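> Got a sequence here, can you build the structure:
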Amino acid sequence: MSHGFTSHDMSSEQGVAAFRAAMRLIVGNVSLITAGVGADRSGLVVISMVSLSAHPPKVIACVNRSSSTWPIIERFGHFGVNSLGPDHQSLAERFSGFGGIKGADRYQGADWTTMVTGASLLKDAVAVFDCKLDEMIDRGSHSIVIGSVAAVGTKDEGGALTYWRGGYRPLHAAA
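Take a look at the predicted model:
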C-alpha cells in the first residue's frame, strides 16, 4: 500500500537517520535550561519543553544524560526554563556549544536574575519558569526532567525563537 511518503525500519542506521530528519521537520520553541549557581552552573538548549499540568504547575524537558547540565540539575535539585525570543539566536548558539563554550562561560554577555530556587533566569526572555526538580526518568539517551514551577515571569513582546529544519528561525507575531 502506498502511503505517499518513504518509510524506514527504525532498527537500522538508515532508520535512525530518517527519524532525525523527520524530527527536524517539527517546529520547536527554543528554550535554555539553566542549572546550578555561580561558577558551578551550566545550561543547554532544548526544543522539548512542554507543560505537564496546570494544577499544580509542572513542566517537562528532555535532557541528554551525557550533557554537562544533567548532573548539575540532579545535584542542585532545580532548573530554569528560559523561552527565547527572536533576538536570542547568538545566546542559543552559545548554549548549544558553538565555539566550544562550556559551563558558566555560556552565561557571559546576558543579564540574569533569580527568583525562588536560585536557578539563573534570563531577564529578557519571553517567558521563564523557575523549577524545583521533582523527578528524572531515564529513557534511551535522555532523561525526562519533571519540575514543579515555583515562579514564572513573562515579557511577551510578540515573538519567539524556533528551531526548524536544522536551524534557528525567528518567529514574529503578526502586527
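> quick one: low-confidence ranges for the chain?
1-8, 175 (pLDDT under 70).
> show me where it has helices.
Along the chain, counting by DSSP state H, helices occupy 13-23, 70-76, 89-95.
> any idea how far the closest residue to residue 16 other than its chain neighbours is from residue 25?
With sequence-adjacent residues excluded and distances taken as C-beta to C-beta, 6 or more residues apart in numbering, residue 16 is closest to residue 10, at 7.1 Å. The C-beta positions use only the backbone N, C-alpha and C, and glycine is treated the same way. Remark: distance between residue 10 and residue 25 (C-beta to C-beta, to the nearest Å) = 16 Å.
> residue nearest the centroid of this structure?
In the chain, the residue lying closest to the centroid (C-alpha atoms, centre = their mean) is residue 46, at 2.5 Å.
> count of residues packed around the residue nearest to residue 16?
10 (other C-beta atoms under 10 Å).
> which phi and psi does it have?
Backbone geometry at residue 10, expressed as degrees, to the nearest 10, gives phi -70, psi -10.
> so it touches residue 19, yeah?
Yes - between residue 10 and residue 19 there is a contact under C-beta atoms under 8 Å: 6.4 Å.
> quick one: residue 21 from residue 135, how far?
Using C-beta to C-beta, residue 21 is found at 31 Å from residue 135.
> Check residue 60 too.
Residue 60 sits at a distance of 10 Å from residue 135 (criterion: C-beta to C-beta).
> and what of residue 142?
For residue 142 relative to residue 135 (C-beta to C-beta), the value is 14 Å.
> now the strands for this protein?
Assigned by DSSP state E, the strands in the chain fall at 28-29, 31-37, 40-46, 50-54, 57-64, 78-83, 112-113, 121-122, 127-139, 142-154, 159-164, 167-172.
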